[in-house]
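*Asks:* With the input below, show me the fold.
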Amino acid sequence: MLKTIFPTLTRFRFAIQILMLFVTVYGGVLLGNYTVDRISQALPSLACAYDKSTGDHCILIVNQHQFHHRIGEALVKAQEVTYKILIPTMISVATFFAFFFFLNKAFCGWVCPMGTVQEIVYRIGRKLGRPLHRFDRGNVGRVRPVKWLLLLVLVLGLPLLAGLGTVSNELGDPFCQVCPSRLATTLLTADTEQIAVKTSSGIGFFLGALGNTLFGFVIIAALVARQPFCRICPLLSWNALFQRLSPMQLVKKQNDKCDKCSVCEKACPMDIHEIGREYGRKAFHEDCTLCGRCVEFCPDDDVIQIKFLGMPLFRSSREQYKYRVKLETPEGTSKKRVIPILPKPVSDNG
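*Replies:* As a prediction, this is how the structure comes out:
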């Protein structure tokens, strides 16, 4: 029955994304604000605390607020450091890891509401016939460091300096002020307050204008590229710090045909070209969101697998690949759609 409703992993993942979009954007209406505030303040995805109906909170705003509001007070009263910084931070990280332990970076590929919004806009772009743009091996390497820079500067550095009184208090949560998820999720609840740009100060105006610009750019870019913001999202780099600690892993066996095939790297929405060349644990790249498309499109049995505690949850198969090729072929024709992710697999004879 499940196979009939969701014949491919991609369709199943998109259904989960839509479900989690409602949970993360509107879940607070069902759970109540008290439950949201006390239980789920460390989700490894961009569930925005500025969304008044949210069912979860993103760990990035929690850490920004703790650096901003706690460290200054704690330095004045050194004996309170443990209670005001270490314990709250440890609780947040422990709560985060309790979630992260089971799904690893699948939170990015399956749960994150901003990822789902980009996926929806991308599908609209395909319906409108917009050309698909990808990052080649040279360009993608230039983009990847941005997410680490945003993590160090906007999520950790500036909130810490604000807490120490070195910079303005308005820089206490700078990433949230520019995060496109703040605008996307609040607009989905018909709340237009967050899209207004503050004019009371230069810093507030700059951050608000930058946030609105980034949001507009991401929405437009998502029409012609897959997951444009995910490539620079600091939460992706935050999750990458812990990805080896979870029993949920993506692994790839060495296969002589991989150098001639490259189907998996062309199927990857994050343009991780390393998946076509690396093996073992190295194949689980820092940009991977565990969406499973490389597994789904690999034309050889058991070469790429998603495992939990060493047990395969999903594995590549030639049968699955043939089925995906069939789906990409309009009924009654022999011509495939122009979707550059399905090159002919290498034969057993090479």
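*Asks:* What does the pLDDT read for the closest residue to residue 132 other than its chain neighbours?
*Replies:* Counting by Cβ to Cβ, 6 or more residues apart in numbering, residue 224 is the residue found nearest to residue 132 once chain neighbours are left out, at 6.6 Å. Bear in mind the C-beta positions are built from the backbone N, C-alpha and C, glycine included. Per-residue pLDDT puts residue 224 at 93.
*Asks:* Now do the same contact list for residue 224.
*Replies:* For residue 224, the contact set (Cβ atoms under 8 Å, 6 or more residues apart in numbering) comprises 125, 130, 131, 132, 133.
*Asks:* One more pass at 10 Å, please.
*Replies:* Residue 224 is in contact with 121, 122, 125, 126, 128, 130, 131, 132, 133, 134, counting by Cβ atoms under 10 Å, 6 or more residues apart in numbering.
*Asks:* Now, of the residues you listed, which are buried?
*Replies:* With burial judged by 16 or more other Cβ atoms under 10 Å, the buried subset of those is 121, 122, 125, 134.
*Asks:* Take those residues and lay them out in CSV including secondary structure and distance to residue 195.
*Replies:* As requested, the buried ones among the contacts of residue 224 are exported to CSV (DSSP: H, G, I helix; E, B strand; the rest coil; distance: Cβ to Cβ, whole Å):
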residue, secondary structure, distance to residue 195
121, helix, 17
122, helix, 22
125, helix, 22
134, coil, 30
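*Asks:* show me where pLDDT drops low in the stretch 201-350 of the chain?
*Replies:* 328-350 (pLDDT under 70).
*Asks:* Tell me where it has strands.
*Replies:* In the stretch 201-350 of the chain, the strands defined using DSSP state E, counting those that start in this stretch lie at 248-252, 304-308, 311-315.
*Asks:* Look at stretch 131-143 and report the distance between its end residues.
*Replies:* Taking Cα to Cα, to the nearest Å as the measure, stretch 131-143 stretches 21 Å from start to finish.
*Asks:* Give me the distance between that stretch and the centre of its chain.
*Replies:* Relative to its chain's centre, stretch 131-143 lies at 18 Å (Cα atoms, centre = their mean, to the nearest Å).
*Asks:* got it, and stretch 294-312?
*Replies:* 20 Å.
*Asks:* Only the C-alpha atoms, please, for that stretch, written as PDB.
*Replies:* Taking C-alpha atoms only, stretch 294-312 is exported to PDB below (Å, rounded to 0.1, in the frame of the first residue of the first chain):
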ATOM      1  CA  CYS A 294      22.100   9.700  -4.600                       C
ATOM      2  CA  VAL A 295      20.900   6.400  -3.200                       C
ATOM      3  CA  GLU A 296      17.700   6.500  -5.200                       C
ATOM      4  CA  PHE A 297      19.500   7.200  -8.500                       C
ATOM      5  CA  CYS A 298      22.500   4.900  -8.200                       C
ATOM      6  CA  PRO A 299      22.100   2.300 -10.900                       C
ATOM      7  CA  ASP A 300      24.000  -0.500  -9.100                       C
ATOM      8  CA  ASP A 301      22.800  -2.700  -6.200                       C
ATOM      9  CA  ASP A 302      23.900  -1.800  -2.700                       C
ATOM     10  CA  VAL A 303      26.600   0.700  -3.700                       C
ATOM     11  CA  ILE A 304      25.200   3.600  -1.700                       C
ATOM     12  CA  GLN A 305      23.200   3.100   1.500                       C
ATOM     13  CA  ILE A 306      21.700   5.000   4.300                       C
ATOM     14  CA  LYS A 307      22.300   3.100   7.500                       C
ATOM     15  CA  PHE A 308      21.200   3.300  11.100                       C
ATOM     16  CA  LEU A 309      23.400   1.500  13.700                       C
ATOM     17  CA  GLY A 310      24.900  -0.400  10.700                       C
ATOM     18  CA  MET A 311      21.600  -1.600   9.400                       C
ATOM     19  CA  PRO A 312      20.600  -0.400   5.900                       C
END
